[in-house]
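Undergrad: Sharing a sequence plus its predicted fold:
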Amino acid sequence: MSEGTLQMDQTIDNVEHDAVTRKLESQAVRNFKVPETTIKNLKVMLGIGALAAFVGLVFQRENLWASLLVNAYYLIGLGLGAIFFICINYVAASGWSVVTRRVSEAMTGIIPIGALGIGIVLLAGYDIYPAFGEEEHLTGFKALWLRYDFVLVRAVVYIAIWFYFTRAILTNSRQQDHDGNRSHTQKNARLSALFIVLFSLAAWLSSFDWIMSLEPHWFSTIFGVYCFSGFFSSSIAVTIILLVWLQKQGALNGIVTDEHLHDLGKLLFAFTTFWAYIWFSQYMLIWYSDMPEETNYFIVRTGTVWGPLFIFNILLNWLVPFFVLMPARTKRNMGILVKVAIVVLVGHWLDLYLMVYPAISPDTIKFGLVEIGLPIGALGLYGLVTLKKLSEHPLVPIKDPYLQESLHHHQ
């Protein structure tokens with residue numbers, strides 16, 4: 001390569017670096033303002049959800065508690081998936097994802113609200129849990145584990161762990177914006193390593209307590225991993241949607257590039273396939289062993305009116321993302337990537353719906369105002385909370401030691 005060509009390449013690199021630097025110093029990055037139209041639309045959605053909740057409270061309480069459980073667990077899962085993503089990047093000393101981290105941090109703001117929804121279900125809607133009123137039908141350790149007061153205590157412990165570590169990690173991240181001290185990154189790496197262990201235990205056990213206990217005589221040892229795979233892939237999908245939306249708003253254009261979206265697309269592809277692997281493992285082992293106390297769960301969901309939704313669930317959560325995202329070019333196409341992310345989010349909601357509703361209504365599909373209105377309201381609430389968090393801090397960790405690596409990330 002000639003000396004002139006090298007100088008030209010260096011000049012181009014300097015121009016690009018200066019452009020990125022000016023972008024990082026711009027008002028849009030340091031103080032993002034959510035469009036008023038977006039806020040109004042989200043408030044309308046929240047109002048629809050509130051109306052549906054009121055109707056359910058007056059006329060369809062069992063449906064209300066079931067729908068609230070689905071949507072609260074959905075929301076808390078999105079927040080937990082986001083903090084888990086942050087933590088694995090800290091532990092791995094990963095630099096590429098730094099410019100995406102503030103989106104993940106904002107997504108964790110929904111954890112307390114999702115926890116509140118779970119608390120309402122456990123305190124006011126506990127009638128949907130047979131174990132809480134029929135301890136005499138359970139024996140041994142299961143009877144002890146599903147004691148109502150013990151379930152409540154564990155719920156407080158799970159939520160306290162998630163809230164404490166999330167707050168500590170986010171505080172260090174944001175403090176680094178002010179002093180630029182590298183020690184904040186080191187502290188977060190240590191906190192993240194510990195949190196991943198505690199998170200795994202809490203997420204695994206909470207899925208047993210809040211979802212599996214709807215059918216207390218059924219059991220699956222990998223149910224917690226199955227739930228994790230669903231909400232982590234969904235949190236990646238939301239991250240993609242928010243980053244593309246912020247690019248279109250002009251806030252992260254030139255900072256988050258096709259390279260970052262490509263990596264997120266690969267993660268979405270990988271974890272939807274992981275979801276399918278765990279789904280198949282759970283189904284195949286139960287089908288093969290053919291034990292009555294295990295098979296009834298799938299008999300209800302495949303041999304009754306729920307059968308078509310059972311198949312549709314696999315289509316949304318694995319087949320569509322697998323085949324669409326297999327080519328590299330589709331993972332670099334924002335339009336396709338966002339559409340697949342939306343499919344995954346709808347699929348995850350359907351997956352939770354199929355976990356909860358057949359347990360309370362094995363012979364009838366319940367899908368009325370409550371089941372339609374509450375998800376709309378949950379989406380509006382999630383949008384309001386997440387976008388508010390995004391507007392409170394710079395959209396990029398401007399003094400993170402790995403920022404330059406992330407800005408110049410290439411495959």
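TA: Done, it's in. All figures in this text were calculated on a predicted structure; none of them were measured in a lab.

Undergrad: where do the strands sit along this structure?
TA: Along the chain, no stretch is classed among the strands by DSSP state E.

Undergrad: Poorly predicted segments of this structure, please.
TA: The chain contains residues with pLDDT under 70 at 1-30, 134-136, 411.

Undergrad: tell me the centre residue of it?
TA: Geometric centre of the chain, nearest residue: L78, 2.1 Å, by Cα atoms, centre = their mean.

Undergrad: I236 is in contact with that one, correct?
TA: No - at 10.0 Å, L78 does not count as touching I236 under the criterion of Cβ atoms under 8 Å. (Glycine included, C-beta is placed from N, CA and C.)

Undergrad: What residues does the residue nearest to the centre of the chain make contact with?
TA: M107, I110, G114, F231, S234, S235, V238, Y382 (Cβ atoms under 8 Å, 6 or more residues apart in numbering).

Undergrad: could you measure L205 against E215, distance?
TA: 17 Å (Cβ to Cβ, to the nearest Å).

Undergrad: Tell me which of those two has more neighbours.
TA: E215 (20 against 16; other Cβ atoms under 10 Å).

Undergrad: about what we covered before: which residue, other than its chain neighbours, is closest to the residue nearest to the centre of the chain?
TA: S235 (5.1 Å; Cβ to Cβ, 6 or more residues apart in numbering).

Undergrad: what's the burial count for the one you found?
TA: With other Cβ under 10 Å as criterion, S235 counts 26.

Undergrad: again, but for the one 4 residues further on
TA: Around T239 sit 27 other residues, with neighbours defined as other Cβ under 10 Å.

Undergrad: Test my guess that it contacts E105.
TA: No - taking contacts as Cβ under 8 Å, T239 lies outside contact range of E105: 10.8 Å.

Undergrad: anything in contact with each of the two?
TA: In contact with both T239 and E105: A82, using Cβ under 8 Å, 6+ apart.

Undergrad: What subset of the contacts of L78 is buried?
TA: M107, I110, G114, F231, S234, S235, V238, Y382 (16 or more other Cβ atoms under 10 Å).

Undergrad: what's the distance between the fourth one and A251?
TA: So that's F231. 26 Å.

Undergrad: Same question for the second one.
TA: With distances defined as Cβ to Cβ, the gap from I110 to A251 amounts to 21 Å.

Undergrad: what about stretch 84-100, how long is it end to end?
TA: Distance across stretch 84-100, first residue to last, is 14 Å (Cα to Cα, to the nearest Å).

Undergrad: Name the residues that touch that stretch?
TA: By Cβ under 8 Å, 6+ apart, stretch 84-100 touches 101, 104-105, 108, 169, 185, 188-189, 191-193, 195-196, 199, 232, 235-236, 239, 243, 252, 255-256, 259-260, 263-264, 396-397, 400, 402-403, 405-407, 409.

Undergrad: my guess is the residue nearest to L78 meets G77, correct?
TA: Yes - counting by Cβ under 8 Å, a contact exists between S235 and G77, whose distance comes to 7.3 Å.
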